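> model the following, please.
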Amino acid sequence: MYSTWYTFHQQLTHEGIEEQCSLAKASGCNAVIVDDGWQTSDNARGYAYCGDWLVCGEKIPDMKAHVERVHALGMKYLLWYSFPFVGRNSESWVKYQDKLLFTMDDLAAGVLDPRYPDVREYLIGIYEKALLDWDLDGFKLDFVDMFRQPDNDNAEEDDGHDYLSVAQAVDVLLSEVMKRLRAIKPDIMIEFRQNYISPLMRKYGNIFRAADCPNDAIQNRIRTIDIRLICGKTAAHSDMIMWNSDEPADSAALQLINVLFSVPQISVRLDTLPESHMEMLTFWLAFWREHRDVLLHGSLEPHHPELLYPLVIARNSNGLIAAVYQDTIVRLEGLEPAKVVIVNGTRGDRIAFEAMEQMGTRNVRVISCTGKTVAEYSMEETRGLQVIDVPPGGLVVLRQIG
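Alright, predicted model coming up:
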C-alpha cells in the first residue's frame, strides 16, 4: 500500500495524491490510504474540524471523480477517519456536545459516547454514505482506543443510554459497522492501529497495522512480528515506511527488509527519490510480491524475541526465506526446500549459515539491494558452516540443481 501520511501530513491535494499513486502503482503498490487532512483546510494538526466529514473543496474539489481517477490507475482507495472524535469547530459539536465521554482541550475535540443509539447510528451513517457516494474500498478507523469508561461514571439507562458499559457499546458499534459496510461491499478493508488490536479485534477489522514509528526500521520489525504472532489470518501491515532520500540506497533498503514479513506501506515522495532508490524500492516490492506466499502465509519462525528478533524465517513447501538483522548464523535443519533465500538486513557485507544436512549442489546467486546480480556460481558442499559475501541490503538465493 501507499500512504499519504508521512508524505503530505495534512497538506493534501488531489493532484499530489494522484501523482504519487501513479508512481506507486508502477513501483508495485495496489492501494492507497489517504490520511488526515482531506476533511479540513486547516493544516495545524489537532482535531477541531473532525465530525462533519465533509471533503475540503480546496484540496479535493470532486471526491468521487478523484477516487475514480485513482481506481483507473489500478489502485484501491482507503480513507482515514478519527473514529470517536468530534471537533469543537464542527457543526456536529452543537448536536453531540452533551453526548461525549470526555473532552480533550489540547486537541479541541471530544470523544463521542457510543452508549447512545443515535451516536452509533450517526457514526455508521457517515461510513455508509462515504462508501456509497465515493465508491471507497476501505477505511482507516483511527483512535478506537479512545473509547473509555469515564471516571466516576453516573450513566443510567433512562437518560438515553441503552448500555452502561462503554466496552459493550463499542462492541455493538464496531459489529454493526462491519455488518452494514460488508452488506454494501463484502471485501471492504478496515484498518486498526496496534494500540487497539488483539485477537478479539479480528471480528471488526481485517488489517492490523504497526503503531507509528517513522524512519525506525527496528521498531517496525518488532511491531510487525508482534502483530503476526497474534493476528492469525488477518493482514499484518507495517507502519508507513519513510527514509531520507540522501542516504545510500542500501541503507534505505533496510526500511523494507525489516518489514518483509508484513504488508509494507510506503510513505515517501516518490517523485523526489533518486534513481537508485526507485530501483531499490521496485526490486524489493517485486521480491515481496513474488514471495508473499512464503513471507505471509508460510510457517513463521521469529528467533530470539529477547534480542528483538535478529533472525526471522518463513517457510513452506516451495521455499524458505530467512532475514538476518545482525551478524548471526542462520541454522538450516533437515531437508530444506529447493529454493532457500537469505536476506542481508544489516549494514555488513556477508551472511553466514550452517546446514545441518547436505542440501545438494546449489546454484548461488548474490543480488544487490537494487536487484542486480553481483555474483553467481555453484556450491557442491553445502553441509556445515558457510559464509557468503552479500552486499548490505541484498540477498543470496541458493537454488537446488537437479
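> what's next to stretch 63-74, contact-wise?
The set of residues external to stretch 63-74 that reach it, using C-beta atoms under 8 Å, 6 or more residues apart in numbering, is 14, 17-18, 21-22, 25, 30, 32, 38, 55, 60, 77, 133-136. (C-beta placed from N, C-alpha, C; glycine too.)
> which element is the nearest residue to Glu128 once chain neighbours are set aside on?
Spatial nearest neighbour of Glu128, excluding adjacent residues (C-beta to C-beta, 6 or more residues apart in numbering): Arg180 at 5.9 Å. Element membership for Arg180 (DSSP states H and E) is helix 166-184.
> what's in contact with that helix?
For helix 166-184, contacts defined as C-beta under 8 Å, 6+ apart pick out 101, 113-115, 120, 123-124, 127-128, 131-132, 139, 141, 144, 147-150, 162-163, 188, 190, 203-205.
> in strands, which of those residues fall?
101, 139, 141, 190 (DSSP state E).
> in JSON lines: those, plus pLDDT.
Converted to JSON lines, these look like this (pLDDT from 0 to 100):
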{"residue": "Leu101", "pLDDT": "95"}
{"residue": "Phe139", "pLDDT": "98"}
{"residue": "Leu141", "pLDDT": "97"}
{"residue": "Ile190", "pLDDT": "97"}
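> please list only the buried members of those residues.
Those of these that meet the buried threshold are 101, 139, 141, 190, by 16 or more other C-beta atoms under 10 Å.
> make TSV out of those and add distance to Ile342.
Shown next, in TSV, are those (distance: C-beta to C-beta, whole Å):
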residue	distance to Ile342
Leu101	50
Phe139	38
Leu141	38
Ile190	35
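> average pLDDT across stretch 171-187?
Across stretch 171-187, the average pLDDT comes to 97.
> give the buried residues for it.
Quick answer for stretch 171-187 (16+ other C-beta under 10 Å): 171, 173-174, 177-178, 181.
> for stretch 224-236, same thing?
Those would be 224-228, 231, 234-236, for stretch 224-236 by 16+ other C-beta under 10 Å.
> quick one: the helix holding Arg180 to strand 138-142, angle?
170 degrees (axes from the mean of the first three to the mean of the last three C-alpha atoms, to 10 degrees).
> give me the neighbour count for Ala48.
Neighbour count for Ala48, taken as other C-beta atoms under 10 Å: 19.
> ok, the buried ones among the ones in strands among the contacts of helix 166-184 vs His303, which is closest?
Ile190 (31.7 Å; C-beta to C-beta).
> what's near enough to touch the closest residue to that closest one other than its chain neighbours?
The spatially closest residue to Ile190, leaving aside those adjacent along the chain, is Gly205, at 3.8 Å (C-beta to C-beta, 6+ apart). If you count contacts by C-beta under 8 Å, 6+ apart, Gly205 has them with 141, 174, 178, 190-192, 234.
> pick out the residue nearest the middle of the chain.
His237 (3.1 Å; C-alpha atoms, centre = their mean).
> please narrow the contacts of stretch 63-74 to those residing in helices.
Counting by DSSP state H, the contacts of stretch 63-74 place 14, 17-18, 21-22, 25, 133-134 in helices.
> taking the residues you listed, please make a ChimeraX selection of just the buried ones.
Buried subset of these, written as a ChimeraX selection, criterion 16+ other C-beta under 10 Å:
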select :14,17,18,21,22,25,134
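> what's the closest of the ones in helices among the contacts of stretch 63-74 to Val397?
Lys25 (26.9 Å).
> and that closest one, how far is that from Val268?
15 Å (C-beta to C-beta, to the nearest Å).
> kindly report the same for Glu381.
Counting by C-beta to C-beta, the gap between Glu381 and Val268 amounts to 43 Å.
> tell me which of these two has more neighbours.
Val268 (23 against 11).
> number of nearby residues for Asn163?
Quick fix: residue 163 reads Tyr, not Asn. By other C-beta under 10 Å, the residues close to Tyr163 number 20.
> that one is in contact with Arg115, isn't it?
Yes. With contact defined as C-beta atoms under 8 Å, Tyr163 counts as touching Arg115 (4.7 Å).
> pLDDT score for Arg45?
Note on Arg45: pLDDT of 77.
> please apply the same query to Ser41.
We note a pLDDT of 89 for Ser41 in this prediction.
> Glu156 now?
74.
> mind listing the strands for the stretch 251-400 of the chain?
Secondary structure of the stretch 251-400 of the chain (DSSP state E, counting those that start in this stretch): strands at 263-266, 299-303, 311-316, 319-324, 329-332, 339-344, 350-355, 362-367, 373-379, 384-389, 395-400.
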